[in-house]
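J.: turn this into a model:
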Amino acid sequence: MLLTIWRGFTAWRRGRPFWAGLFVAAGALIILFPPFVGVKLGDMVISIKTIGGTSALLIGALLAICAVSLWVQPKFRLAAGLVTVLLSLVALVVTNLGGFLAGTVLSLLGGALAVAWTDEPKKPKEPKKPQEPKAAEEPEPTQRVQPT
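T.: Presented below is the predicted three-dimensional model:
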């Protein structure tokens with residue numbers, strides 16, 4: 001039964017830009033994480049509560065929507081990939097360096113994979129045919145040019 005489920009998942013995964021969606025979802029979570037979680041170091045609590053939190057919420061939610069659309073509707077992969085690339089570049093400036101660069105890098109990678117993905121199978125390369133020697137043929141005639 002487990003093997004049947006795994007084969008079904010593999011077939012589903014191959015029909016869509018799965019890894020692109022996974023990278024975009026990871027980038028969205030990393031961008032959403034810092035503004036809403038206070039990190040406790042000993043007695044000190046580090047919390048980022050600025051306008052970057054609102055921007056992180058908006059950009060992270062839009063990136064998560066792009067990730068889900070890559071998985072659910074692969075025909076929109078070009079639009080979702082371009083929106084992902086633009087949002088991750090905006091996140092770099094607006095939201096704490098885009099999740100401390102990790103969220104931006106993951107989202108850029110996922111957007112690039114989404115744009116590059118295609119559902120057409122690869123065509124096998126035809127083997128090169130060895131060239132036969134042309135020793136049996138006559139040499140090509142040359143033309144003589146008269147100087148004027």
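J.: just the helices from this protein, written as ranges.
T.: Counting by DSSP state H, the chain has helices at residues 2-14, 18-36, 51-72, 77-94, 96-100, 102-116.
J.: adding distance to Asp43, mean neighbour count and mean pLDDT, write these out as JSON lines.
T.: To be clear about C-beta, it is placed using only N, CA and C from the backbone, and glycine gets the same treatment. Converted to JSON lines, the helices of the chain look like this (distance: least, Cβ to Cβ, whole Å; neighbours: other Cβ atoms under 10 Å; pLDDT from 0 to 100):
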{"stretch": "helix 2-14", "distance to Asp43": "46", "mean neighbour count": "10", "mean pLDDT": "90"}
{"stretch": "helix 18-36", "distance to Asp43": "20", "mean neighbour count": "23", "mean pLDDT": "91"}
{"stretch": "helix 51-72", "distance to Asp43": "23", "mean neighbour count": "19", "mean pLDDT": "91"}
{"stretch": "helix 77-94", "distance to Asp43": "31", "mean neighbour count": "20", "mean pLDDT": "94"}
{"stretch": "helix 96-100", "distance to Asp43": "23", "mean neighbour count": "21", "mean pLDDT": "79"}
{"stretch": "helix 102-116", "distance to Asp43": "27", "mean neighbour count": "22", "mean pLDDT": "95"}
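J.: output these as a markdown table; include the columns distance to Gln143.
T.: Below are those laid out as a markdown table (distance: least, Cβ to Cβ, whole Å):
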| stretch | distance to Gln143 |
| --- | --- |
| helix 2-14 | 59 |
| helix 18-36 | 59 |
| helix 51-72 | 62 |
| helix 77-94 | 54 |
| helix 96-100 | 68 |
| helix 102-116 | 51 |
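J.: out of those helices, which is closest to Pro124?
T.: helix 2-14 (17.4 Å; Cβ to Cβ).
J.: what about the helices of the chain, which gets the closest to Lys122?
T.: helix 2-14 (12.3 Å).
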